[in-house]
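>>> fold the following.
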Amino acid sequence: MSDLMFSAGPIVISRTIAKFGDTSYPIANIGAVSIELATHPLVIGGWVLCAVALFQMFSGSFWFGLLLIAVGAALIWHFADKGKAKLMLRTSSGNQQAFESPDRALVQKLKSSIEEAIASRG
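You can find the predicted model right below:
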């Protein structure tokens with residue numbers, strides 16, 4: 001591959017191709033790159049727990065409801081930034097998820113490398 005821009009394990013990005021394991025994307029066919037952040041399931045569970053707790057508080061068990069709100073808030077606070085980042089590529093066949101990782105810095109580095117390769121193609 002010519003002009004290697006990023007390489008880590010099965011991920012290789014050059015000025016002409018982006019390869020993620022067994023799947024390759026020609027840089028010329030990539031129109032846009034974006035990152036989607038997925039919410040950790042326990043954050044959603046925390047919000048549901050808080051909603052149940054509010055119902056519990058107003059139906060007679062104030063202290064138990066308050067305890068549930070504390071647990072729900074702790075879940076939301078602890079897992080709020082633990083979701084996975086997805087690298088999305090817009091190609092002629094639509095949006096494709098090329099890579100997913102809890103390491104947001106790695107996904108941002110991949111996005112920047114692909115954007116640099118797109119910009120260099122002219």
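
>>> is it true that residue 118 lies in a strand?
No - going by DSSP: H, G, I helix; E, B strand; the rest coil, the assignment for residue 118 is helix, not a strand.

>>> wait, it sits on residue 33?
Yes - contact criterion Cβ atoms under 8 Å: residue 118 and residue 33 qualify, at 7.4 Å. C-beta here means a position set from N, CA and C on the backbone, and glycine is covered the same way.

>>> tell me the buried residues in stretch 97-105?
Going by neighbour count (16 or more other Cβ atoms under 10 Å), the buried part of stretch 97-105 is 98, 99.

>>> residue closest to the middle of the chain?
Residue closest to the average C-alpha location in the chain (Cα atoms, centre = their mean): residue 85, at 1.5 Å.

>>> ok, now which ones touch that one?
Neighbouring residues of residue 85 by Cβ atoms under 8 Å, 6 or more residues apart in numbering: 35, 36, 37, 38, 100, 101, 102, 103, 104, 107, 108.
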